[in-house]
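Peer 1: my questions concern the predicted model and sequence given below.
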Amino acid sequence: MKKFKVVLQLYSVRDFMEKNIEGTLKAVADMGYEYVEFAGYFGLTAEDMRALLDKYGLKACSVHQSYEPVLEDPEYWIPYLKTLGIDFFAMPWMAAERHKGNDAFEDTVKDFIAVGKLFKDNGIQYLYHNHDFEFEIVEGKYKLDWLYESVPAEYLQTQVDTCWVKYAGVDPAAYIRKYKGRSPVVHLKDFTCDVLNAGAMYELIGAETKKPSREENNFVFQPLGMGLQDFKSILEASEYAGADYVVVEQDRSIGRTSLEAVEISRKYLKDTFEI
C-alpha cells in the first residue's frame, strides 16, 4: 500500500492545544505524526507557530478555515498561510442554505471560484470538507456533487470526510474513487452508531440536529479501527484516487483523553497498514 503522509487534525486535541501548545505539538510528534492540519491558531502569530512546528519536526499540510476573511484581507492571510507552509485550505463546513437548491448557491459558486483562483495564484489548493447533509439529493444529484460540478477542479478539490460519507449511507471508498485526480487529502474518521443516515450528529459546529439525537442513536466518535469503517477499502480507494495525505480526525473522545485517542489511531495505521 502507498506510504501516505499521515496528518493529525489538531481540532482533535484542541483541549490540550488550548492549555499547552508546545507540549501538545511535542506529544503529537512523539506519536509519529509528521504533519498537522490546523483549525484555529490558538492566538499565535504565523512566525511563532512555524517555529514550534520546526522545533518538533512537524509540517503544516492544511488548514480548516472559512474563506470569507481571506477574500476580505488577502494581504494578511496569504502571507500568514505561506509562512506556515500551508498547501491546502479546506472550507470546513458551509450552511445548508448556501448549497444547491437555494438562491444563495450561485453566490457560493462565484465565491468559491474567486477564492480558489486566489489560492491557486499563491500555490495553495482550495478544498471542501463535507458532512452528511451534503448527500441530500437535489434535482437528481447530491448537493456535494453539484458543488464539485459547478466549480472547476483547478479551483476546488475534495477533502472527503469518510465518517460523514458513511453516516449518510454512502460507501466512502466508492465516493473517493468517484473523484479520482481530485482527492489529494482524505479525512479518516471512525465512529459507532445504531442507525446510519438518521439525521445530523454534529452539534459541535452548531448545526440543527434531527431525531434521533446523538445519545438516542448511540453515536460515538472512535479511534481508527474501533468503529464501523473499512479502512482497507478506504485507503485503497485513496491510493487509486491519487491522494497523498490522510488526516486523522476525531471530533470528540469519550472514555479516554483526546491525546490517547489520536495515539491509538496513529498506532492502528502503523500496525495495520504500515503507514
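Peer 2: It's in. Residues are numbered from 1 along each chain as shown.

Peer 1: doesn't residue 7 belong to a helix?
Peer 2: No. Under DSSP: H, G, I helix; E, B strand; the rest coil, residue 7 sits outside any helix and is assigned strand.

Peer 1: quick one, grab the pLDDT at it.
Peer 2: Here, the pLDDT recorded for residue 7 equals 98.

Peer 1: so what's it bridging to?
Peer 2: Residues in a beta bridge with residue 7, per DSSP bridges, are residue 35, residue 247.

Peer 1: quickly find the element holding residue 23.
Peer 2: helix 21-31 (DSSP states H and E).

Peer 1: who does that helix touch, helix- and strand-wise?
Peer 2: Identification of packing neighbours for helix 21-31 by 3 or more C-beta pairs under 8 Å, 6 or more residues apart in numbering; DSSP states H and E yields helix 14-19, helix 46-55, helix 258-273. For every residue, glycine as well, the C-beta is placed using N, CA and C.

Peer 1: hey, which of the ones you listed is tucked in deepest?
Peer 2: helix 258-273 (a mean of 18; mean count of other C-beta atoms under 10 Å).

Peer 1: surely residue 101 is in contact with residue 141?
Peer 2: No. The criterion here is C-beta atoms under 8 Å, and residue 101 misses it with residue 141 at 10.3 Å.

Peer 1: mind telling me what element residue 221 is part of?
Peer 2: Judged by DSSP H and E, residue 221 forms part of strand 220-222.

Peer 1: now the strands for this structure?
Peer 2: 5-9, 35-38, 59-64, 88-91, 125-129, 137-138, 141-142, 157-159, 185-188, 190-192, 220-222, 245-248 (DSSP state E).

Peer 1: list the contacts for residue 91?
Peer 2: Residues in contact with residue 91, defined by C-beta atoms under 8 Å, 6 or more residues apart in numbering, are 64, 65, 66, 67, 112, 126, 127, 128, 129.

Peer 1: again, but for residue 117
Peer 2: Per C-beta under 8 Å, 6+ apart, neighbours of residue 117: residue 155.

Peer 1: how does it look with 10 Å?
Peer 2: Residue 117 makes contact with 126, 152, 154, 155, according to C-beta atoms under 10 Å, 6 or more residues apart in numbering.

Peer 1: hey, where'd the helices end up in the stretch 101-250 of the chain?
Peer 2: Here the stretch 101-250 of the chain has its helices, by DSSP state H, counting those that start in this stretch, at 105-121, 143-150, 162-167, 172-178, 231-241.

Peer 1: on that earlier part again, and the strand holding residue 221, how far out from the chain middle?
Peer 2: Chain-centre distance of strand 220-222: 16 Å, with C-alpha atoms, centre = their mean, to the nearest Å.

Peer 1: would you mind measuring from residue 67 to residue 154?
Peer 2: 16 Å (C-beta to C-beta, to the nearest Å).

Peer 1: which of the two has more residues huddled nearby?
Peer 2: When residue 67 and residue 154 are compared for neighbours, residue 67 comes out ahead with 20 against 13, by other C-beta atoms under 10 Å.

Peer 1: isn't the more buried one up against residue 77?
Peer 2: Yes. With contact defined as C-beta atoms under 10 Å, residue 67 reaches residue 77; the gap is 9.4 Å.

Peer 1: shared neighbours of these two, which are they?
Peer 2: Joint contacts of residue 67 and residue 77 (C-beta under 10 Å, 6+ apart) are 89, 118.
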